[in-house]
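Visitor: let's see this in three dimensions:
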Amino acid sequence: MNNANFQVRVPCREALGAPTGAYSTRLKLANECSYTVWPGVVSGRGTPPFSTTTTSFTLEPGESAYIFIPAGAWSGQLWARTRCSYDYTGRFTCLTGDCGTGSAECASAQTVPPVTIAEFNISSNGGLDLYVVSSSLGYNLGILVVPHGGSGGDCMASGCVNDVEGGCNSETSGACNSTCFAFNYPKYCCSTAHVPPTTCKPRPYSRQLKSRCPYVFGYMYTDRGNNTKRFACISADYTVTFCPHPSRIFLFKNQV
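Guide: Numbers count the residues shown, from 1 in each chain. Coordinates of the predicted model:
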């Protein structure tokens with residue numbers, strides 16, 4: 001499959017004008033971490049992949065980049081890879097968020113848990129965008145998604161601005177792994193006989209993460225009946241911030 005005509009502008013600290021061509025959505029990726037991150041960007045199944053230049057760049061602290069998505073539907077995931085380096089053989093690896101390709105380019109490879117994910121489904125349902133920040137693969141740093149210029153009752157911020165990593169349970173085998181990926185037991189993964197909500201129970205770790213990050217989607221039924229549905233906007237652009245400052249909590253004050 002040929003790469004779609006996605007374009008990226010990096011690095012930048014000021015707004016950039018739209019590139020030539022028809023683009024439906026602009027994603028701004030901003031790094032507010034105190035360290036370098038390597039954004040991971042992977043298109044969903046059935047969606048043309050990004051070009052190499054779009055998925056193999058770095059963001060230093062305070063830097064940002066724009067990704068322009070062409071008119072039409074697109075789905076995919078974004079995350080931040082941390083503590084990345086090349087070994088003596090030239091193989092590229094990251095401590096968190098690694099995609100296992102051995103290079104800075106993730107191509108269509110998925111990330112390795114634990115990692116925080118921002119999921120997008122752009123213009124897939126009559127022009128409606130669906131998005132959410134998810135901890136279903138664990139947590140490696142805070143991500144905040146904020147829509148701009150869109151409309152709709154669910155056009156709101158999604159993500160986490162609190163320090164979750166400092167409160168991780170040691171029994172999840174380091175970092176902030178989910179209990180499912182840490183232990184791989186059906187009762188933790190809501191699989192086999194534990195699919196029904198009567199047997200797929202919230203665990204202490206999922207409750208802990210939910211208390212710190214109420215606007216992040218967790219795993220299966222731990223989010224039933226609360227405020228982590230998929231958010232929806234029409235005709236919006238989005239800012240995806242890595243390690244958002246805790247002061248951004250004001251964005252959630254009026255959300256119910």
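Visitor: shaky segments in the stretch 151-256 of the chain?
Guide: 163-175, 204-206, 219-229, 249-256 (pLDDT under 70).
Visitor: go again using 80 as the cut-off
Guide: 153, 161-215, 217-230, 247-256 (pLDDT under 80).
Visitor: which residue ranges of it form helices?
Guide: Listed in chain order, the helices found in the stretch 151-256 of the chain under DSSP state H, counting those that start in this stretch are 179-183, 186-189, 204-212.
Visitor: and the contacts of the shortest one?
Guide: Helix 186-189 is touched from outside by S178, T179, C180, A182, T192, A193, H194, T199, C200, K201, R203, Y219, with contacts defined as C-beta atoms under 8 Å, 6 or more residues apart in numbering. From N, CA and C alone the C-beta is placed, and that goes for glycine too.
Visitor: show me which of those are buried.
Guide: For the contacts of helix 186-189, a neighbour count by 16 or more other C-beta atoms under 10 Å gives the buried set as S178, T179, C180, A182, H194, C200, R203, Y219.
Visitor: which one of the residues you listed is nearest V132?
Guide: Y219 (12.9 Å; C-beta to C-beta).
Visitor: from C84, how far off is C99?
Guide: Using C-beta to C-beta, to the nearest Å, one obtains 10 Å as the distance from C99 to C84.
Visitor: ok, the two, which is more surrounded?
Guide: C99 (25 against 17; other C-beta atoms under 10 Å).
Visitor: which one of the contacts of helix 186-189 is nearest I122?
Guide: Y219 (24.2 Å).
Visitor: hang on, the earlier thing: mean neighbour count, the helices of the stretch 151-256 of the chain: which tops it?
Guide: Per-residue neighbour counts averaged over each of the helices of the stretch 151-256 of the chain give the maximum for helix 179-183, namely a mean of 20 (mean count of other C-beta atoms under 10 Å).
Visitor: helices and strands around that one, which ones?
Guide: helix 186-189 (3 or more C-beta pairs under 8 Å, 6 or more residues apart in numbering; DSSP states H and E).
Visitor: identify the residues contacting T36.
Guide: For T36, the residues meeting the contact criterion (C-beta under 8 Å, 6+ apart) are T58, L59, E60, P61, C84.
Visitor: can you do 10 Å?
Guide: Applying C-beta atoms under 10 Å, 6 or more residues apart in numbering, we find T36 in contact with T58, L59, E60, P61, E63, A80, R81, T82, R83, C84.
Visitor: which residues in this structure form strands?
Guide: Residue ranges of the strands in the chain, as given by DSSP state E, are 7-12, 23-31, 37-43, 64-70, 74-86, 92-96, 117-125, 128-134, 143-148, 158-159, 231-234, 237-242.
Visitor: returning to that earlier point: what do C99 and C84 both touch?
Guide: Looking at what touches both C99 and C84 (by C-beta under 10 Å, 6+ apart), the common residues are W38, F92, T93.
Visitor: okay then, goodbye and thanks.
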